[in-house]
Each structure stands twice: as C-alpha cells, then as structure tokens.
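Q: this one's sequence-less:
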Ligand SMILES: Nc1ncnc2c1ncn2[C@@H]1O[C@H](COP(=O)(O)OP(=O)(O)OP(=O)(O)O)[C@@H](O)[C@H]1O
C-alpha cells in the first residue's frame, strides 16, 4: 500500500501508465498492385479527437491506405487498427466505428435529401430507422441540410452533394470519420463550409482522418498530418512539432549571397539600424515576399551580409523573396534596411503557411 499525500491511502499505482489506444494505428503497411509496390512500410498513429490530414500528390497511395483502413482492401502486409480493432480480423466491428466517405462517390439522384438519408439510416439499422427517423432530422440539422430536405438530389450542386455524403457517413454516429478528398472539386465557399463542419464535428468528439493533395484546404483545420510520397511515409505528427523537428535537423546556415544575376560584387551590408533584434540562431526560418519599386539586385545589395537574412532571391513579378530567421520584428528590420538604402517597399506579403513549407521541405516532388 502506498500513501498519496493528497488522496490518502490507495493500492500501489502501476509504475508505467498504459498508452491509450489510438483512434487509428497503422503499422508497417505494404500493398502491391501487380508487381508495383504502392505502399511501402507505412506506419503512423492518429490520436482520438484529431483532425488528421493525409497529404500527398496524386498517386502517392492515399486512397489505397484509406481503402485498407475502411476494410475494403486487404493489406499485403502490416497491421491497421481502428480504435483497437484490427481491420482484417474484425472488419464488422471496424465498420461500426467508422464513417467512410470515398472520393468521387456517386449519390442516388432520383430521391430527395430526406429519402436518401432515410434509406441509409435503414441500411445502417440505426435505432429510429423505420419509425421516426429522428436521427435523420438531427444529421440534417448538423450538416445544414434541413432547408433542402425535399430537394431532389439530382438538382443539388456539387458542394451540397458533398455535404449530403458527409451527412450519410454520420447517421450511425461513428467515432472515426475517414474522408477521402472531401473538398476536392469544391468552390472556395463550399470548401470553407465543409472545413467549418469538420471543426464542428471534432467539437462533438469525432476523430477525423482526411486526405488531400491541396495543402491550403487543410492548413487551418488539421491538428496533425502525415505526408506520403511514392508509397512511403515521409513525415507525420503535429504540424508545429514537425516544423520544430525540421528546424533542429537543419544544419546552421550562414548568410547566403544574393542569387540575383548581376548583383554588385562585394556589396556592402546595409548600415545596422539602431533597433536590430537580438541574434536568435535556433529560430525557425521564414520567407517573406516583398514588392519593391527598384531592381531586385538593389534589394539584394541592401540586405547583403545583414544578420538574420539567409537568402535574397527573385520572386514572381516585381518581388523579392527574403529568407530569414526571426520574427515579425526581423521583417520590420529588413523593410527598414531597404528603405534606408533607397529601395522603396510597396508591399509585404505573408509568408507561405507552415504546412506548405513542411511539404516542400520533406518531399522531392516524385510521383509513382
Ligand atoms: N486497383 C488498382 N490496380 C492497379 N493499380 C492501382 C489500383 N488502384 C490504384 N493503383 C495505383 O496505385 C497507386 C496509388 O494510387 P492511390 O489511388 O492510392 O493514390 P492517391 O494518393 O490516392 O492518388 P489520388 O490523389 O490521385 O487519388 C497509383 O499509381 C495508382 O495508379
């Protein structure tokens, strides 16, 4: 018996707490079509309550992984568990837990929204099916389809049909949603609506696994990501943690000469402004796009040798891309140095989002 100073006497607690079962666990997954390995030793975990983005270019193997997770495809080797249930050994239990939305799935056209959902409520044998269909009302409310309940599916827009598909996956109240490219082919408004709905579903305690090859549609909602390239997992984990890991893995960089053709050789550094930020060698690197009303070479010369500035290069149009370590204060410092060197700055554009940077850094742009 051990004595806890707060709780009093209690049986000895185990020394090591058991790790909670992840919502999705993928271990050493391999798959092959013919003689072609499309998945090669893919392993990752998705914790409960995450919105997990599965990212990769076309043909990387995202749909194949998702089909294994959804019990539609037997893996060649490896193990996939959903909430602790093995997809190969216990597919029926897995199907009860997951809501799966395939990419480019068709919908029945000649029924109304309500009839469509009632049909699937019956198919899933949800408790109120065949009687009040209370669950259909609840799901239509949640997915904002109540107003469209009597609309013929054939007359709905792509975005609405996508929402209907998502509504269908929710009827049996699954814990884990597996969505293959849920926002592909949608216009920006429909995409935002789906994204908002995913955030709401996460708030209801669901775990959401979604694939995409469009980075920007995921960046603001995903808590974690896995990046797949040519059937191999390149990186996985929380976005901020990956960014940190990459930063620490990168060798310390020295200031790089401006790669503008014809930049003046041995251009002198801009005079150090009075409010230079403190050196911060371990800070992440960022890139800022500056619109300057002068030749890019002049901007490069103004920033050459400046502390924290790692690279100055040409950007699209009349812009320069400046890679630096530091924060917004450093950007202010860069702008000030340019202005002091008579390089007018007409615009400062936000840097590439973190997920895009990670993607470009860890992938090689190879397809299979
Ligand atoms: N049934 C199949 N038979 C043969 N090859 C297949 C089959 N399904 C997929 N493939 C091939 O496996 C590879 C991975 O396909 P998969 O659909 O998993 O990629 P993806 O990352 O989902 O791509 P996308 O973003 O285009 O949907 C591709 O080269 C594809 O051509």
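A: Alright, I've got the coordinates. Fair warning: this is a prediction, and the values are worked out from it, not measured in the lab.
Q: which parts of the stretch 201-350 of the chain are helices?
A: Applying DSSP state H, counting those that start in this stretch to the stretch 201-350 of the chain gives helices spanning 216-219, 239-249, 296-303, 328-340.
Q: what score does the residue nearest to residue 293 when sequence neighbours are not counted have for pLDDT?
A: Distance criterion CB to CB, 6 or more residues apart in numbering; nearest residue to residue 293, sequence neighbours excluded, is residue 344 at 4.2 Å. The C-beta positions use only the backbone N, C-alpha and C, and glycine is treated the same way. On pLDDT, residue 344 comes in at 95.
Q: pull out the buried positions in stretch 160-180.
A: For stretch 160-180, the neighbour count (16 or more other CB atoms under 10 Å) marks 160-174, 176-180 as buried.
Q: is that stretch up against the ligand anywhere?
A: No: using CB under 6 Å from any ligand atom, stretch 160-180 stays clear of the ligand, coming no nearer than 7.3 Å.
Q: pretty sure the residue nearest to residue 293 sits against residue 295.
A: No: applying CB atoms under 8 Å, one finds residue 344 not in contact with residue 295, separated by 11.7 Å.
Q: more neighbours, the two?
A: residue 295 (15 against 10; other CB atoms under 10 Å).
Q: which bits of this structure sit near the ligand?
A: Listed as neighbours of the ligand in the chain under the rule CB under 6 Å from any ligand atom: 33, 38, 56, 58-64, 213, 368.
Q: hey, where'd the strands end up in the stretch 51-200 of the chain?
A: Taking DSSP state E, counting those that start in this stretch as the test, the strands found in the stretch 51-200 of the chain are 51-55, 77-82, 85-86, 98-101, 176-179.
Q: can I get the ones you listed in JSON lines including mean pLDDT?
A: Output for those, formatted as JSON lines (pLDDT from 0 to 100):
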{"stretch": "strand 51-55", "mean pLDDT": "92"}
{"stretch": "strand 77-82", "mean pLDDT": "96"}
{"stretch": "strand 85-86", "mean pLDDT": "97"}
{"stretch": "strand 98-101", "mean pLDDT": "96"}
{"stretch": "strand 176-179", "mean pLDDT": "96"}
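Q: what residues does the closest residue to residue 143 other than its chain neighbours make contact with?
A: Leaving aside its sequence neighbours, residue 143 sits nearest to residue 167 (CB to CB, 6+ apart; 4.2 Å). With contact set as CB atoms under 8 Å, 6 or more residues apart in numbering, residue 167 has these partners: 117, 139-140, 142-143, 145.
Q: do residue 319 as well
A: Neighbour list for residue 319: 289-292, 347, 349 [criterion: CB under 8 Å, 6+ apart].
Q: how much space between it and the ligand?
A: Distance from residue 319 to the ligand, counting by CB to the nearest ligand atom, to the nearest Å: 31 Å.
Q: beta partners of that residue?
A: residue 291 (DSSP bridges).
Q: please apply the same query to residue 42.
A: Beta bridges link residue 42 to residue 29 when assigned by DSSP bridges.
Q: for burial, what's the neighbour tally of it?
A: Residues contacting residue 42 under the criterion other CB under 10 Å number 24.
Q: try residue 116
A: Residue 116 has 23 nearby residues by other CB under 10 Å.
Q: now render the contacts of residue 319 as JSON lines, adding distance to residue 315 and pLDDT.
A: Shown next, in JSON lines, are the contacts of residue 319 (distance: CB to CB, whole Å; pLDDT from 0 to 100):
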{"residue": "289", "distance to residue 315": "5", "pLDDT": "87"}
{"residue": "290", "distance to residue 315": "8", "pLDDT": "92"}
{"residue": "291", "distance to residue 315": "8", "pLDDT": "93"}
{"residue": "292", "distance to residue 315": "10", "pLDDT": "93"}
{"residue": "347", "distance to residue 315": "11", "pLDDT": "92"}
{"residue": "349", "distance to residue 315": "9", "pLDDT": "78"}
